[in-house]
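S.K.: Here you go, sequence then predicted model.
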Amino acid sequence: MQLMNSVKGMRKSKGNVKFLSPRFLSLFPDKLTSADEQLSPNVLSFYKDNRSIAALPEVLSSIGMTEFDRDSVLSMLMDVSGTTKRVNSALEILKDLNFFDAENEIMNVTEKIVSSFDRLNKTLNIFQTDQMNKKGFAFLEKDQMERFYKDQGIDQKLNLADFEDFFNYNHVERELSLWSTVENIAMDIKEHKSSRQKRGTVLIAGIPVTFFQPAVLAPFAFAPGFWPSVAGPLVLSPNIFSPVILGPSILGPMILSPGVARPFIISPYILGSFIGSPFVMIPFIINPWAFGPNILNPFVLSPVILSPTLFSPDILAPAILGGGILSPSAGSPAVFTESALMISVLSPTFLS
């Protein structure tokens, strides 16, 4: 395995800053390599490096320490953290999606959606077209909505009980109803309250916990999360301005779901992964992380603060304008992961 030396050759100083962030028994060169390193030594590294103190290949060469031994330790960490399994799963997902094929299924779905909206646009009357041009939205009539649902492959009939009042409204009443609904969503007000619990949600010590509720092709915005979840993966669901606060997650990977301005605050993340989900302005604050490798997942303006990391490697997960503050890590090496303009303060690492 030539991975160590290959990664080492890729490393360059790119404006990163380190302060009081020592590294112990490191498996890979630091993704935060910088000329500005204050009290941040690299001690007992598993690879040869002139900047390392007591590099193990040199210190232990006399007792038979070989590159194979170092690779064995790395393989063990990859297995313990579940990284090997997740990498294989990620590759299978990309393969199933024909990710590198110009005629992949995702493109076909996109074309189908665009075509469906084009056909819907042709059914708009003069008033609806005028509203679209002036306000950016228009209200559909019953026949248009039914035709659109059918075009999307939804064979179910519309529930007339839900739409009967709406279709009887005039335009002004429909618009007032729309803004009232938007206001209720923003204030988290339910129009029809019931004592029945949401499907897949149970109360544990008075706290609602969601179980086995995957979200697929479900983009969302301005939808903060305040409750724990178990086995709730997020797939093909872009999101924006939806912070996660006091929302620990177990077995909840995010796959091909880009996020913007979605901070994670006091929301421990266990046995989950970020795969192909670029993050922008997503800080992790008091957010412990365990057994959750990041794969093909760029980070921009996403610092890690007071968030210990355990067995969560970064694989092809470049980062810029971020870093770790008071965030120690163990068993979390960076594999083929570049960084720039990062800062590391009081964030020691072990076996990383």
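M.R.: In hand now; what should we look at? The structure displayed is predicted, hence computed values, not measured ones.
S.K.: Quickly note the distance from residue 258 to residue 217.
M.R.: Between residue 258 and residue 217 the distance, using C-beta to C-beta, to the nearest Å, works out to 13 Å. (Each C-beta comes from the backbone N, C-alpha and C, glycine too.)
S.K.: The two: which has the busier surroundings?
M.R.: residue 258 (19 against 10; other C-beta atoms under 10 Å).
S.K.: tell me which residues in stretch 274-290 are buried?
M.R.: Within stretch 274-290, the residues scored as buried using 16 or more other C-beta atoms under 10 Å are 274-285, 287-290.
S.K.: between those, which is nearest residue 88?
M.R.: Closest approach to residue 88 among those (C-beta to C-beta): residue 275, at 11.6 Å.
S.K.: and the closest one, how far is that from residue 142?
M.R.: Looking at residue 275 against residue 142, where the rule is C-beta to C-beta, the gap reads 41 Å.
S.K.: do residue 20 as well
M.R.: Spatial separation of residue 20 from residue 142 under the definition C-beta to C-beta is 66 Å.
S.K.: next one: residue 284
M.R.: Shown here: residue 284 relative to residue 142, a distance of 46 Å by C-beta to C-beta.
S.K.: quick one: the helices in the stretch 101-250 of the chain?
M.R.: Listed in chain order, the helices of the stretch 101-250 of the chain (DSSP state H, counting those that start in this stretch) span residues 105-122, 126-135, 142-151, 160-168, 171-186.
S.K.: deepest of those, which one?
M.R.: helix 142-151 (a mean of 14; mean count of other C-beta atoms under 10 Å).
S.K.: Just want the angle from that one to helix 126-135.
M.R.: Angular relation of helix 142-151 and helix 126-135 on a 0 to 180 degree scale: 70 degrees, by axes from the mean of the first three to the mean of the last three C-alpha atoms, to 10 degrees.
S.K.: Quick check: which helices or strands does helix 142-151 pack against?
M.R.: Helix 142-151 is packed against helix 105-122, helix 160-168, with contacts defined by 3 or more C-beta pairs under 8 Å, 6 or more residues apart in numbering; DSSP states H and E.
S.K.: any idea of the mean pLDDT in that helix?
M.R.: Helix 142-151 shows a mean pLDDT of 79.
S.K.: With stretch 50-66 instead?
M.R.: Per-residue pLDDT values over stretch 50-66 give a mean of 69.
S.K.: related to what we said a few turns ago, out of the helices of the stretch 101-250 of the chain, which is closest to residue 344?
M.R.: helix 105-122 (36.4 Å).
S.K.: correct me, but residue 253 touches residue 276?
M.R.: No. Here residue 253 lies out of contact with residue 276, judged by C-beta atoms under 8 Å, at a distance of 10.4 Å.
S.K.: okay, and the helix or strand of the protein with the least pLDDT?
M.R.: helix 3-10 (a mean of 41; mean pLDDT, DSSP states H and E).
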